[in-house]
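J.: For reference, the sequence and a predicted model appear below.
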Amino acid sequence: MRTLIVGAGATGGYFGTRLAQAGRDVTFLVHPHRAEQLRAGLRVHGPGYDETVPVRTATADRLEGPYDLVLLMVKAWSLDSALEDIAPAVGPDTTILPLLNGMAHLERLNRRFGEDAVLGGIVRVVCAVQPDGAVLQMKPHASLTFGAQDRRPTERVARVGQELAAPGFRLSVADNIMASMWHKWAFITAGGTITCLMRGAIGHVIAAPGGKEFILDVIDETERVAAAAGYAPSAAAHAASLEMFTEEGSVFTSSLYRDVLAGRHHEGEHLLGEYVAVAERVGMEVPLTRLALAQLRVHDLARLDQAGPDRARLG
Ligand SMILES: NC(=O)C1=CN([C@@H]2O[C@H](COP(=O)(O)OP(=O)(O)OC[C@H]3O[C@@H](n4cnc5c(N)ncnc54)[C@H](OP(=O)(O)O)[C@@H]3O)[C@@H](O)[C@H]2O)C=CC1
Ligand SMILES: CC(C)(CO)C(=O)C(=O)O
């Protein structure tokens, strides 16, 4: 099977190198600067390991298809350009597996490629690209969960499962991938809302008087939306959110908040903006998520103003 991994960033770099090491036929679609950086291999390091993995890269102008499987591992704001770039890689039998956080991308992909060709998926890992281009895995766990949007156990799902089974992460086929994606989206939206609004790590929010009550209110708000949309978090998903977001001393911040702090592009519209839009559709008030979203929008406007004529270069 020929697999194209779109993006050799944090998640693409981590999962893609695990697949390459397992002998899979993997090509990374990258921008020219990243191709240059990866000439001598992609360094991935984390708890107890440090490896430089030889990788095959392609840039959009040299992409030859079709591929059997395309893993989309880009941030939401890059999705449109990534979809243009992968056009030569997609044939009538290509399977597209997006692994972004959130849900809104599925609709766009379904419109473009048809629902049968597009699987749902999530990854759980905590990785970041370092200034030298290496991918750093910050926590030991890593998993990839996927499945057909309509829950049918098709031949396509079985083939993709065989291709993606590799050492270095736990692979599972979800019985209901839409529910898994929703639970993760609710979780990420809660984490983003808490850390962006409070401008700090969970440990500090919990330690502040009133902080725990605020956290519980955010979890409640996000879970009520998921339930109203037909995806009430399971007891286990609720317990995982409580554990993560009420841990004393925790240094956890969402990647959304870290992107905001670093002045980078962020997934606020894709995660919180779309969440508020769903809440509106199901007739629910989400004042805390809405406040976090408004704050992100103000931040973005200020950032554009500060950049002035350089705004086109904002990354
Ligand atoms: N990081 C993590 O631990 C986790 C992230 N996620 C989710 O996974 C998704 C991806 O995040 P993450 O891996 O962190 O993002 P990164 O920003 O680390 O990586 C994305 C990569 O995609 C590249 N890219 C974007 N568009 C193209 C294109 N058209 N052609 C080639 N390369 C392209 C970017 O390159 P360039 O810089 O050149 O634009 C960048 O290297 C997000 O939705 C995120 O929320 C989910 C779980 C954990
Ligand atoms: C919480 C985490 C690291 C989990 O995978 C994540 O996806 C994020 O912060 O965006």
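T.: That came through, no problem. Ligands and ions are numbered 1, 2, ... in the order given.
J.: Return the distance of stretch 209-228 from the chain's centre.
T.: Its chain's average C-alpha position is 22 Å from that of stretch 209-228, according to C-alpha atoms, centre = their mean, to the nearest Å.
J.: Tell me where this protein has strands.
T.: Remark: strands assigned in the chain by DSSP state E are 2-6, 25-29, 42-46, 49-53, 56-58, 67-72, 90-98, 119-124, 127-129, 135-137, 143-148, 170-173.
J.: Least reliable of those by average pLDDT, please.
T.: Lowest mean pLDDT within the strands of the chain: strand 127-129, a mean of 94.
J.: Partner strands of that one and their direction?
T.: In the sheet, strand 127-129 lines up against strand 135-137 (antiparallel) (DSSP bridges).
J.: what's in contact with the strand it pairs with?
T.: 9-10, 13-14, 17, 42-47, 125-130 (C-beta atoms under 8 Å, 6 or more residues apart in numbering). C-beta here means a position set from N, CA and C on the backbone, and glycine is covered the same way.
J.: try 7 Å
T.: The contact list for strand 135-137 (C-beta atoms under 7 Å, 6 or more residues apart in numbering) reads 10, 13-14, 42, 44-47, 125, 127-130.
J.: Then stretch 182-196?
T.: Here stretch 182-196 has contacts from 101-103, 122, 201, 205, 215, 218-219, 222-223, 226, 229, 231, 233, 237, 241, 245, 253-254, 256-257, 260, 271-272, 275, 288-289, 292, 295-296, using C-beta under 7 Å, 6+ apart.
J.: one step back: save the contacts of strand 135-137 as TSV, and put in neighbour count too.
T.: Output for the contacts of strand 135-137, formatted as TSV (neighbours: other C-beta atoms under 10 Å):
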residue	neighbour count
10	23
13	30
14	26
42	25
44	23
45	14
46	19
47	9
125	21
127	21
128	16
129	17
130	11
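J.: show me which of those residues neighbour ligand 1.
T.: 10, 125, 127-129 (C-beta under 6 Å from any ligand atom).
J.: residues in contact with residue 254?
T.: Contacts for residue 254 (C-beta under 7 Å, 6+ apart) come out as 188, 191-192, 195.
J.: which of those residues tops the neighbour count?
T.: Neighbour tally across these (other C-beta atoms under 10 Å): the maximum, 30 neighbours, falls on residue 192.
J.: what about that one, distance to ligand 1?
T.: Counting by C-beta to the nearest ligand atom, to the nearest Å, the gap from residue 192 to ligand 1 is 10 Å.
J.: Also residue 196?
T.: Using C-beta to the nearest ligand atom, we find residue 196 at a distance of 14 Å from ligand 1.
J.: Next: residue 53.
T.: Distance check for residue 53 against ligand 1: by C-beta to the nearest ligand atom, it reads 16 Å.
J.: so that residue bridges to which residues?
T.: Judged by DSSP bridges, the bridge partners of residue 53 are residue 42.
J.: same thing with the one 4 residues further on?
T.: On the basis of DSSP bridges, residue 57 is bridged to residue 28.
J.: can you list the residues of the stretch 101-250 of the chain near ligand 1?
T.: When proximity is defined as C-beta under 6 Å from any ligand atom, the stretch 101-250 of the chain approaches ligand 1 at 101, 123, 125-129.
J.: Now do the contacts for the residue of the stretch 101-250 of the chain found nearest ligand 1.
T.: Nearest residue of the stretch 101-250 of the chain to ligand 1, counting by C-beta to the nearest ligand atom: residue 101, 3.5 Å away. By C-beta under 7 Å, 6+ apart, residue 101 lies in contact with 184-185, 188, 267, 271.
J.: In JSON lines: the contacts of strand 135-137, plus distance to residue 161.
T.: Shown next, in JSON lines, are these (distance: C-beta to C-beta, whole Å):
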{"residue": "10", "distance to residue 161": "23"}
{"residue": "13", "distance to residue 161": "22"}
{"residue": "14", "distance to residue 161": "19"}
{"residue": "42", "distance to residue 161": "24"}
{"residue": "44", "distance to residue 161": "23"}
{"residue": "45", "distance to residue 161": "28"}
{"residue": "46", "distance to residue 161": "25"}
{"residue": "47", "distance to residue 161": "26"}
{"residue": "125", "distance to residue 161": "19"}
{"residue": "127", "distance to residue 161": "22"}
{"residue": "128", "distance to residue 161": "28"}
{"residue": "129", "distance to residue 161": "28"}
{"residue": "130", "distance to residue 161": "31"}
